[in-house]
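[1] Fold the following for me, if possible:
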Amino acid sequence: MTPIEQIESKLKKYPWIKYFTKENSIEVNEVNENGFSVSFIEEGNEYSVYLGPCHWHFEDLDEALNYFGFGLSTKCRLREIIRGQPYKWIVEQKSDKGWEQVNLTGLLFFRFWKKREEKIYQNSLIE
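    Numbers count the residues shown, from 1 in each chain. Modelled structure (predicted):
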């Protein structure tokens, strides 16, 4: 069974979830109103997982699959920092201490003079 087929078989437990598959990828739409899309792409011996606009590369399939599931869970949230336009995205994991940063990605050039805003997105497919 391919990684895409593995993910698709688990997603079939949630018939209300909309997702799209291609030969080497699967994308799950936002799970709720304040959610974000989660995608998995298989590229030879490497895997990419997208949480909204951010992506990370994995060589280990189990790590990539776990990160994909993490993105759909309530233990993950995506903070988007905005200054006129989104420029930084912070993936956070819920722990006993609260929310802790797991990953960060951002644009090198942004409108630093604009007012700083923040939006938080979170999926709720997996408890």
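
[2] Flag every buried residue along the top helix by length along the chain.
    For the chain, the helix with the greatest residue count under DSSP state H is helix 61-71. Buried residues in helix 61-71, counting neighbours by 16 or more other Cβ atoms under 10 Å, are found at 64, 65, 67, 68, 69, 70, 71. All C-beta atoms are positioned from the backbone trio N, CA, C, and that covers glycine.

[3] Which residue ranges make up each domain of this protein?
    Following automatic domain parsing, the chain resolves into domains at 3-71, 76-121.

[4] With mean pLDDT added, can I get these in a markdown table?
    Shown next, in a markdown table, are the domains of the chain (pLDDT from 0 to 100):
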| stretch | mean pLDDT |
| --- | --- |
| domain 3-71 | 93 |
| domain 76-121 | 94 |
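
[5] What segments of this protein are helices?
    3-11, 61-71.

[6] Now for the closest residue to residue 71 other than its chain neighbours, how many residues are close by?
    The shortest distance from residue 71 to any non-neighbouring residue, by Cβ to Cβ, 6 or more residues apart in numbering, is to residue 38 (4.0 Å). Residue crowding around residue 38 was assessed by other Cβ atoms under 10 Å; the count is 28.

[7] where does residue 38 sit relative to residue 96, distance-wise?
    25 Å (Cβ to Cβ, to the nearest Å).

[8] Can you add distance to residue 46 and give the buried residues of helix 61-71 back as CSV?
    Supplementary listing: these in CSV, determined by distance: Cβ to Cβ, whole Å:
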residue, distance to residue 46
64, 9
65, 14
67, 13
68, 14
69, 18
70, 18
71, 18
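
[9] quick check, nearest of these to residue 83?
    residue 71 (24.9 Å; Cβ to Cβ).

[10] who touches that closest one in this structure?
    Each residue near residue 71 by Cβ atoms under 8 Å, 6 or more residues apart in numbering is listed here: 36, 38, 49, 51, 123.

[11] And the furthest pair within those residues?
    49 and 123 (13.3 Å).

[12] Spit out the residues that contact these two alike.
    Common neighbours of residue 49 and residue 123, using Cβ under 8 Å, 6+ apart, are 38, 71.

[13] just the strands in the chain please.
    Chain-ordered strands for the chain, with DSSP state E as the definition, fall at 19-21, 25-28, 38-43, 46-51, 54-58, 76-83, 86-95, 98-106, 116-121.

[14] Noted, bye for now.
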